[in-house]
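# A predicted structure for the sequence below; I have some questions about it.
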Amino acid sequence: MDHLIVDALRDLLTGQCTPAVVRAIENEVVMPTGQSLAANSTQASSSAAQLWAQIEETGFADLLLPESAGGAGLALRDAFAVWDLLGQHAMPLPLAETMLARAWLAQAGLVVPQGAITLAPQLHGHGHGDVLVATSVRSARVADWVLAGQGDQLYLLSVADAVLSPSPFVLDADLQWSAAALAKAPSCAAPAPLLPAYAGLLSALLAGGLTATFEKTLQYANDRQQFGRPIGKFQAIQHELAVMAEHVSAGRMAAQIACEADGIIAEPLKVAVGKARTSEAAVEVAALAHSVHGAIGFTTEFDLQLYTRRLHLWRQTAGSEGYWQLQAGQALLAADGMGLDVIRQITDSTAAIPA
(Lines give C-alpha, C1' and ligand atoms only; values in the text may rest on other atoms or scores of the structure.)
Protein backbone atom coordinates (compact mmCIF):
# COMPACT_ATOMS: atom_id res chain seq x y z
CA MET A 1 0.00 0.00 0.00
CA ASP A 2 1.29 3.43 -0.94
CA HIS A 3 1.89 5.28 2.34
CA LEU A 4 1.37 8.60 0.55
CA ILE A 5 -2.26 7.64 -0.08
CA VAL A 6 -2.83 6.63 3.53
CA ASP A 7 -1.13 9.77 4.85
CA ALA A 8 -3.17 11.99 2.52
CA LEU A 9 -6.42 10.32 3.54
CA ARG A 10 -5.50 10.60 7.23
CA ASP A 11 -4.90 14.34 6.77
CA LEU A 12 -8.25 14.76 5.01
CA LEU A 13 -10.17 12.83 7.65
CA THR A 14 -8.43 14.58 10.54
CA GLY A 15 -9.40 17.96 9.14
CA GLN A 16 -12.74 17.28 7.47
CA CYS A 17 -14.29 14.25 9.20
CA THR A 18 -14.20 15.35 12.82
CA PRO A 19 -16.72 14.20 15.45
CA ALA A 20 -18.42 17.58 15.03
CA VAL A 21 -18.89 16.93 11.30
CA VAL A 22 -20.22 13.42 11.97
CA ARG A 23 -22.74 14.86 14.42
CA ALA A 24 -23.73 17.60 11.98
CA ILE A 25 -24.41 15.12 9.18
CA GLU A 26 -26.50 12.94 11.46
CA ASN A 27 -28.45 15.96 12.72
CA GLU A 28 -29.06 17.48 9.29
CA VAL A 29 -30.58 14.38 7.72
CA VAL A 30 -34.37 14.57 7.77
CA MET A 31 -36.40 11.57 6.68
CA PRO A 32 -40.19 12.07 6.44
CA THR A 33 -41.66 8.57 6.34
CA GLY A 34 -43.14 7.49 3.03
CA GLN A 35 -41.56 10.24 0.93
CA SER A 36 -38.94 10.03 -1.77
CA LEU A 37 -35.32 10.16 -0.68
CA ALA A 38 -34.44 12.66 -3.40
CA ALA A 39 -34.25 15.48 -0.87
CA ASN A 40 -32.17 13.37 1.50
CA SER A 41 -29.24 12.60 -0.79
CA THR A 42 -25.77 14.05 -0.33
CA GLN A 43 -27.01 17.18 -2.06
CA ALA A 44 -29.47 17.94 0.77
CA SER A 45 -27.17 17.96 3.79
CA SER A 46 -24.69 20.81 3.59
CA SER A 47 -22.19 19.05 5.84
CA ALA A 48 -22.46 15.81 3.86
CA ALA A 49 -22.20 17.66 0.56
CA GLN A 50 -19.09 19.52 1.68
CA LEU A 51 -17.40 16.35 2.90
CA TRP A 52 -18.29 14.43 -0.25
CA ALA A 53 -17.00 17.26 -2.43
CA GLN A 54 -13.63 16.99 -0.68
CA ILE A 55 -13.61 13.23 -1.23
CA GLU A 56 -14.42 13.53 -4.94
CA GLU A 57 -11.85 16.27 -5.44
CA THR A 58 -9.06 14.21 -3.90
CA GLY A 59 -9.98 11.05 -5.82
CA PHE A 60 -10.26 8.66 -2.87
CA ALA A 61 -13.53 7.22 -4.16
CA ASP A 62 -11.68 5.93 -7.26
CA LEU A 63 -8.80 4.13 -5.55
CA LEU A 64 -10.00 0.66 -6.60
CA LEU A 65 -10.60 1.68 -10.20
CA PRO A 66 -7.90 0.58 -12.68
CA GLU A 67 -5.41 3.20 -13.72
CA SER A 68 -6.85 3.13 -17.24
CA ALA A 69 -10.14 4.38 -15.75
CA GLY A 70 -8.50 7.14 -13.73
CA GLY A 71 -8.05 5.20 -10.49
CA ALA A 72 -5.10 3.91 -8.50
CA GLY A 73 -5.61 0.23 -9.33
CA LEU A 74 -5.55 -0.89 -5.69
CA ALA A 75 -6.47 -4.43 -4.67
CA LEU A 76 -8.53 -5.37 -1.63
CA ARG A 77 -5.40 -6.03 0.45
CA ASP A 78 -4.39 -2.41 -0.24
CA ALA A 79 -7.87 -1.10 0.48
CA PHE A 80 -7.74 -2.48 4.02
CA ALA A 81 -5.56 0.41 5.21
CA VAL A 82 -7.98 2.92 3.67
CA TRP A 83 -11.14 1.31 5.06
CA ASP A 84 -9.48 0.90 8.44
CA LEU A 85 -8.90 4.66 8.55
CA LEU A 86 -12.52 5.32 7.62
CA GLY A 87 -13.60 3.19 10.56
CA GLN A 88 -11.25 5.04 12.88
CA HIS A 89 -12.90 8.33 11.92
CA ALA A 90 -16.54 7.07 11.99
CA MET A 91 -16.94 8.08 8.33
CA PRO A 92 -20.66 8.95 7.99
CA LEU A 93 -20.75 8.66 4.18
CA PRO A 94 -20.52 5.41 2.19
CA LEU A 95 -17.02 6.06 0.84
CA ALA A 96 -15.86 2.47 1.33
CA GLU A 97 -18.93 1.15 -0.49
CA THR A 98 -18.46 3.67 -3.29
CA MET A 99 -14.88 2.52 -3.83
CA LEU A 100 -15.97 -1.11 -4.18
CA ALA A 101 -19.07 -0.34 -6.25
CA ARG A 102 -17.19 1.81 -8.74
CA ALA A 103 -14.59 -0.90 -9.23
CA TRP A 104 -17.22 -3.56 -9.84
CA LEU A 105 -19.16 -1.32 -12.24
CA ALA A 106 -16.00 -0.51 -14.21
CA GLN A 107 -15.08 -4.20 -14.42
CA ALA A 108 -18.56 -4.92 -15.80
CA GLY A 109 -18.20 -2.20 -18.44
CA LEU A 110 -20.94 0.03 -17.02
CA VAL A 111 -20.71 3.79 -16.73
CA VAL A 112 -19.47 4.78 -13.26
CA PRO A 113 -21.70 7.58 -11.93
CA GLN A 114 -20.70 10.52 -9.81
CA GLY A 115 -21.95 10.62 -6.26
CA ALA A 116 -21.97 8.26 -3.33
CA ILE A 117 -22.95 4.62 -3.87
CA THR A 118 -24.02 2.30 -1.11
CA LEU A 119 -24.63 -1.47 -1.29
CA ALA A 120 -27.63 -3.74 -0.86
CA PRO A 121 -26.59 -7.39 -1.27
CA GLN A 122 -30.14 -8.65 -1.78
CA LEU A 123 -33.34 -7.14 -3.19
CA HIS A 124 -36.57 -8.76 -2.02
CA GLY A 125 -39.98 -8.85 -3.67
CA HIS A 126 -42.88 -7.30 -1.81
CA GLY A 127 -46.62 -7.78 -2.21
CA HIS A 128 -47.48 -8.86 -5.72
CA GLY A 129 -43.92 -8.45 -6.92
CA ASP A 130 -44.41 -4.94 -8.31
CA VAL A 131 -42.25 -3.47 -5.51
CA LEU A 132 -38.68 -4.43 -4.63
CA VAL A 133 -37.28 -3.74 -1.17
CA ALA A 134 -33.78 -3.43 0.28
CA THR A 135 -33.80 -3.39 4.08
CA SER A 136 -31.51 -1.45 6.42
CA VAL A 137 -29.40 -0.03 3.62
CA ARG A 138 -26.33 1.52 5.22
CA SER A 139 -25.98 5.29 4.72
CA ALA A 140 -28.91 5.31 2.30
CA ARG A 141 -29.95 8.76 3.46
CA VAL A 142 -26.62 10.27 2.40
CA ALA A 143 -26.15 8.24 -0.79
CA ASP A 144 -27.10 8.95 -4.39
CA TRP A 145 -27.08 5.37 -5.71
CA VAL A 146 -27.49 1.81 -4.50
CA LEU A 147 -25.67 -1.11 -6.11
CA ALA A 148 -28.10 -3.91 -5.38
CA GLY A 149 -27.95 -7.62 -5.99
CA GLN A 150 -30.80 -9.83 -7.15
CA GLY A 151 -29.87 -13.39 -8.00
CA ASP A 152 -26.79 -13.28 -10.21
CA GLN A 153 -27.48 -9.72 -11.40
CA LEU A 154 -26.40 -6.33 -10.10
CA TYR A 155 -28.55 -3.22 -10.52
CA LEU A 156 -27.50 0.41 -10.13
CA LEU A 157 -30.58 2.05 -8.62
CA SER A 158 -31.12 5.73 -7.99
CA VAL A 159 -31.92 6.70 -4.42
CA ALA A 160 -34.04 9.52 -5.83
CA ASP A 161 -36.41 6.89 -7.29
CA ALA A 162 -36.89 5.15 -3.95
CA VAL A 163 -39.54 5.44 -1.28
CA LEU A 164 -38.24 5.02 2.22
CA SER A 165 -39.18 3.54 5.55
CA PRO A 166 -37.34 4.22 8.82
CA SER A 167 -34.37 2.11 9.86
CA PRO A 168 -32.89 1.98 13.39
CA PHE A 169 -29.67 3.84 12.55
CA VAL A 170 -30.15 7.50 11.73
CA LEU A 171 -28.36 7.46 8.35
CA ASP A 172 -29.86 4.17 7.15
CA ALA A 173 -33.23 3.40 5.55
CA ASP A 174 -35.36 0.67 4.04
CA LEU A 175 -35.78 1.47 0.34
CA GLN A 176 -38.54 0.47 -2.07
CA TRP A 177 -38.39 0.66 -5.85
CA SER A 178 -41.06 -0.10 -8.39
CA ALA A 179 -40.51 -2.81 -10.98
CA ALA A 180 -40.37 -0.01 -13.56
CA ALA A 181 -37.44 1.59 -11.75
CA LEU A 182 -35.63 -1.75 -11.75
CA ALA A 183 -36.33 -2.22 -15.46
CA LYS A 184 -34.70 1.09 -16.41
CA ALA A 185 -31.69 0.69 -14.10
CA PRO A 186 -28.28 -0.21 -15.57
CA SER A 187 -27.51 -3.84 -14.78
CA CYS A 188 -24.81 -6.44 -15.28
CA ALA A 189 -23.93 -9.98 -14.31
CA ALA A 190 -22.35 -10.02 -10.86
CA PRO A 191 -18.66 -11.03 -10.97
CA ALA A 192 -19.18 -12.72 -7.58
CA PRO A 193 -21.77 -12.73 -4.79
CA LEU A 194 -22.04 -9.23 -3.34
CA LEU A 195 -22.58 -10.31 0.28
CA PRO A 196 -19.04 -11.67 0.96
CA ALA A 197 -17.47 -8.63 -0.70
CA TYR A 198 -19.54 -6.32 1.49
CA ALA A 199 -18.77 -8.34 4.63
CA GLY A 200 -15.03 -8.09 3.95
CA LEU A 201 -15.32 -4.33 3.59
CA LEU A 202 -17.21 -4.10 6.87
CA SER A 203 -14.55 -6.18 8.60
CA ALA A 204 -12.05 -3.46 7.79
CA LEU A 205 -14.40 -0.71 8.99
CA LEU A 206 -14.92 -2.68 12.19
CA ALA A 207 -11.15 -2.98 12.68
CA GLY A 208 -10.85 0.79 12.51
CA GLY A 209 -13.81 1.33 14.81
CA LEU A 210 -12.39 -1.13 17.33
CA THR A 211 -9.04 0.68 17.32
CA ALA A 212 -10.62 4.12 17.80
CA THR A 213 -12.88 2.88 20.59
CA PHE A 214 -9.95 1.34 22.45
CA GLU A 215 -7.76 4.42 22.04
CA LYS A 216 -10.49 6.74 23.32
CA THR A 217 -11.15 4.46 26.27
CA LEU A 218 -7.46 4.24 27.12
CA GLN A 219 -7.18 8.02 26.99
CA TYR A 220 -10.21 8.42 29.23
CA ALA A 221 -8.77 5.93 31.73
CA ASN A 222 -5.54 7.95 31.88
CA ASP A 223 -7.33 11.30 32.20
CA ARG A 224 -10.18 10.46 34.60
CA GLN A 225 -9.13 10.97 38.21
CA GLN A 226 -10.64 9.07 41.13
CA PHE A 227 -9.31 8.93 44.68
CA GLY A 228 -6.39 11.08 43.64
CA ARG A 229 -5.11 9.01 40.72
CA PRO A 230 -6.15 8.04 37.15
CA ILE A 231 -8.70 5.23 37.08
CA GLY A 232 -6.36 3.44 34.64
CA LYS A 233 -4.13 2.73 37.66
CA PHE A 234 -6.77 0.50 39.23
CA GLN A 235 -6.37 -3.22 38.59
CA ALA A 236 -10.00 -3.78 37.62
CA ILE A 237 -9.78 -1.11 34.90
CA GLN A 238 -6.42 -2.44 33.72
CA HIS A 239 -7.98 -5.88 33.33
CA GLU A 240 -10.82 -4.48 31.20
CA LEU A 241 -8.35 -2.57 29.04
CA ALA A 242 -6.25 -5.70 28.58
CA VAL A 243 -9.27 -7.70 27.43
CA MET A 244 -10.19 -4.88 25.03
CA ALA A 245 -6.66 -4.87 23.60
CA GLU A 246 -6.82 -8.61 22.97
CA HIS A 247 -10.10 -8.29 21.03
CA VAL A 248 -8.86 -5.30 19.04
CA SER A 249 -5.65 -7.06 18.04
CA ALA A 250 -7.42 -10.30 17.06
CA GLY A 251 -10.09 -8.36 15.17
CA ARG A 252 -7.55 -6.39 13.16
CA MET A 253 -5.66 -9.51 12.13
CA ALA A 254 -8.91 -11.20 11.12
CA ALA A 255 -10.01 -8.17 9.09
CA GLN A 256 -6.71 -8.19 7.22
CA ILE A 257 -7.32 -11.84 6.38
CA ALA A 258 -10.80 -10.94 5.09
CA CYS A 259 -9.29 -8.37 2.70
CA GLU A 260 -6.42 -10.60 1.57
CA ALA A 261 -7.03 -10.69 -2.20
CA ASP A 262 -5.02 -9.63 -5.24
CA GLY A 263 -7.99 -8.12 -7.07
CA ILE A 264 -11.40 -6.73 -6.11
CA ILE A 265 -13.11 -10.07 -5.44
CA ALA A 266 -12.96 -11.30 -1.84
CA GLU A 267 -12.43 -14.94 -0.90
CA PRO A 268 -15.56 -16.04 1.01
CA LEU A 269 -13.85 -18.38 3.49
CA LYS A 270 -11.40 -15.66 4.52
CA VAL A 271 -14.27 -13.19 4.76
CA ALA A 272 -16.19 -15.59 7.00
CA VAL A 273 -13.31 -15.74 9.46
CA GLY A 274 -12.71 -11.98 9.34
CA LYS A 275 -16.32 -10.84 9.68
CA ALA A 276 -17.10 -13.38 12.40
CA ARG A 277 -14.13 -12.32 14.53
CA THR A 278 -14.54 -8.58 14.11
CA SER A 279 -18.29 -8.75 14.78
CA GLU A 280 -17.63 -10.80 17.91
CA ALA A 281 -15.04 -8.27 19.04
CA ALA A 282 -17.45 -5.37 18.44
CA VAL A 283 -19.82 -6.61 21.14
CA GLU A 284 -17.10 -7.08 23.74
CA VAL A 285 -15.15 -3.91 23.01
CA ALA A 286 -18.23 -1.68 23.00
CA ALA A 287 -19.43 -3.12 26.31
CA LEU A 288 -16.03 -2.78 27.98
CA ALA A 289 -15.56 0.76 26.68
CA HIS A 290 -18.81 1.87 28.25
CA SER A 291 -17.93 0.03 31.44
CA VAL A 292 -14.67 1.95 31.75
CA HIS A 293 -16.52 5.19 31.04
CA GLY A 294 -19.00 4.38 33.80
CA ALA A 295 -21.84 4.43 31.21
CA ILE A 296 -21.39 8.17 30.65
CA GLY A 297 -20.08 7.37 27.17
CA PHE A 298 -23.67 6.76 26.06
CA THR A 299 -24.45 10.48 26.30
CA THR A 300 -24.43 12.61 23.17
CA GLU A 301 -21.71 14.85 24.63
CA PHE A 302 -19.16 12.02 24.47
CA ASP A 303 -17.57 11.03 21.16
CA LEU A 304 -17.49 7.39 22.28
CA GLN A 305 -21.10 6.77 21.27
CA LEU A 306 -20.32 7.81 17.69
CA TYR A 307 -18.06 4.76 17.48
CA THR A 308 -19.86 2.19 19.61
CA ARG A 309 -23.14 2.79 17.76
CA ARG A 310 -21.30 2.05 14.53
CA LEU A 311 -19.64 -1.02 15.98
CA HIS A 312 -23.07 -2.49 16.71
CA LEU A 313 -24.38 -1.44 13.29
CA TRP A 314 -21.41 -2.79 11.32
CA ARG A 315 -21.48 -5.98 13.37
CA GLN A 316 -24.97 -6.81 12.06
CA THR A 317 -24.65 -5.46 8.52
CA ALA A 318 -23.92 -8.13 5.89
CA GLY A 319 -24.21 -10.88 8.49
CA SER A 320 -23.33 -11.04 12.18
CA GLU A 321 -20.77 -13.33 13.76
CA GLY A 322 -23.34 -16.15 14.05
CA TYR A 323 -24.08 -16.11 10.33
CA TRP A 324 -20.43 -16.16 9.26
CA GLN A 325 -19.42 -18.73 11.84
CA LEU A 326 -22.06 -21.01 10.33
CA GLN A 327 -20.78 -20.33 6.81
CA ALA A 328 -17.20 -21.08 7.82
CA GLY A 329 -18.21 -24.27 9.60
CA GLN A 330 -20.22 -25.54 6.65
CA ALA A 331 -17.37 -24.81 4.26
CA LEU A 332 -14.85 -26.64 6.41
CA LEU A 333 -17.11 -29.67 6.79
CA ALA A 334 -17.65 -29.75 3.03
CA ALA A 335 -13.90 -29.56 2.27
CA ASP A 336 -13.12 -33.24 1.66
CA GLY A 337 -9.72 -34.35 2.92
CA MET A 338 -8.64 -30.82 3.85
CA GLY A 339 -8.88 -31.26 7.61
CA LEU A 340 -10.05 -28.76 10.18
CA ASP A 341 -6.93 -26.61 10.46
CA VAL A 342 -8.63 -23.23 10.13
CA ILE A 343 -5.40 -21.24 9.92
CA ARG A 344 -4.13 -23.41 7.06
CA GLN A 345 -7.51 -23.24 5.33
CA ILE A 346 -7.67 -19.47 5.23
CA THR A 347 -3.99 -19.11 4.34
CA ASP A 348 -3.55 -21.74 1.64
CA SER A 349 -6.97 -22.94 0.50
CA THR A 350 -9.09 -21.56 -2.28
CA ALA A 351 -12.16 -23.31 -0.89
CA ALA A 352 -15.20 -21.08 -1.24
CA ILE A 353 -18.42 -20.83 0.69
CA PRO A 354 -21.43 -21.49 -1.54
CA ALA A 355 -23.38 -18.31 -2.28
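Happy to help now that I have it. Numbering: from 1, shown residues only.

# would you list every one of the helices in the stretch 101-250 of the chain?
179-184, 194-223, 235-258 (DSSP state H, counting those that start in this stretch).

# Same list (these) but as CSV, adding distance to residue 65, mean neighbour count and mean pLDDT.
Yep, even glycine has a C-beta here, placed from its N, CA and C like the rest. Formatted as CSV, these follow (distance: least, C-beta to C-beta, whole Å; neighbours: other C-beta atoms under 10 Å; pLDDT from 0 to 100):
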stretch, distance to residue 65, mean neighbour count, mean pLDDT
helix 179-184, 25, 13, 90
helix 194-223, 16, 24, 97
helix 235-258, 21, 18, 97
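
# name the element the nearest residue to residue 47 once chain neighbours are set aside belongs to?
Among residues not flanking residue 47 along the chain, residue 24 sits closest, at 4.1 Å (C-beta to C-beta, 6 or more residues apart in numbering). In this assignment (DSSP states H and E), residue 24 forms part of helix 19-28.

# Beyond that helix, next helix or strand please.
helix 46-58.

# For that next one, name the packing helices and strands.
helix 3-16, helix 19-28 (3 or more C-beta pairs under 8 Å, 6 or more residues apart in numbering; DSSP states H and E).

# sorry, back to before: could I get the helices of the stretch 101-250 of the chain as TSV with distance to residue 91?
TSV is the format used below for the helices of the stretch 101-250 of the chain (distance: least, C-beta to C-beta, whole Å):
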stretch	distance to residue 91
helix 179-184	28
helix 194-223	8
helix 235-258	16
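
# out of the ones you listed, nearest to residue 12?
Closest approach to residue 12 among these (C-beta to C-beta): helix 194-223, 14.8 Å.

# give me every residue that touches the residue nearest to the spatial centre of the chain.
Residue closest to the mean C-alpha point of the chain, counted by C-alpha atoms, centre = their mean, is residue 202 at 3.6 Å. Contacts for residue 202 were tallied using C-beta atoms under 8 Å, 6 or more residues apart in numbering; they are 275, 278, 314, 317, 318.

# Tabulate those (JSON lines), appending distance to residue 290, neighbour count and pLDDT.
What follows is the contacts of residue 202, written out as JSON lines (distance: C-beta to C-beta, whole Å; neighbours: other C-beta atoms under 10 Å; pLDDT from 0 to 100):
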{"residue": "275", "distance to residue 290": "23", "neighbour count": "35", "pLDDT": "98"}
{"residue": "278", "distance to residue 290": "19", "neighbour count": "34", "pLDDT": "98"}
{"residue": "314", "distance to residue 290": "17", "neighbour count": "27", "pLDDT": "98"}
{"residue": "317", "distance to residue 290": "21", "neighbour count": "24", "pLDDT": "97"}
{"residue": "318", "distance to residue 290": "24", "neighbour count": "24", "pLDDT": "97"}
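
# Can you tell me which of those residues is nearest residue 151?
residue 318 (17.6 Å).

# Am I right that that closest one is in contact with residue 193?
No - contact criterion C-beta atoms under 8 Å: residue 318 and residue 193 do not qualify, at 11.0 Å.

# Report the secondary structure element holding residue 282.
Counting by DSSP H and E, the element that carries residue 282 is helix 268-292.

# list the helices and strands that helix packs on?
Judged by 3+ C-beta pairs under 8 Å, 6+ apart, the packing partners of helix 268-292 are helix 194-223, helix 235-258, helix 304-316, helix 321-334, helix 342-348.

# can you list these in JSON lines and add distance to residue 15?
Listed next are the helices and strands packed on helix 268-292 as JSON lines, based on distance: least, C-beta to C-beta, whole Å:
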{"stretch": "helix 194-223", "distance to residue 15": "17"}
{"stretch": "helix 235-258", "distance to residue 15": "25"}
{"stretch": "helix 304-316", "distance to residue 15": "17"}
{"stretch": "helix 321-334", "distance to residue 15": "35"}
{"stretch": "helix 342-348", "distance to residue 15": "37"}
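
# Could you list the low-pLDDT ranges of the chain?
1-2, 30-45, 126-129, 336-355 (pLDDT under 70).

# re earlier: mean neighbour count, the helices and strands packed on helix 46-58: which tops it?
helix 19-28 (a mean of 17; mean count of other C-beta atoms under 10 Å).

# Kindly calculate the angle that it makes with helix 46-58.
Helix 19-28 runs at 120 degrees relative to helix 46-58, counting by axes from the mean of the first three to the mean of the last three C-alpha atoms, to 10 degrees.
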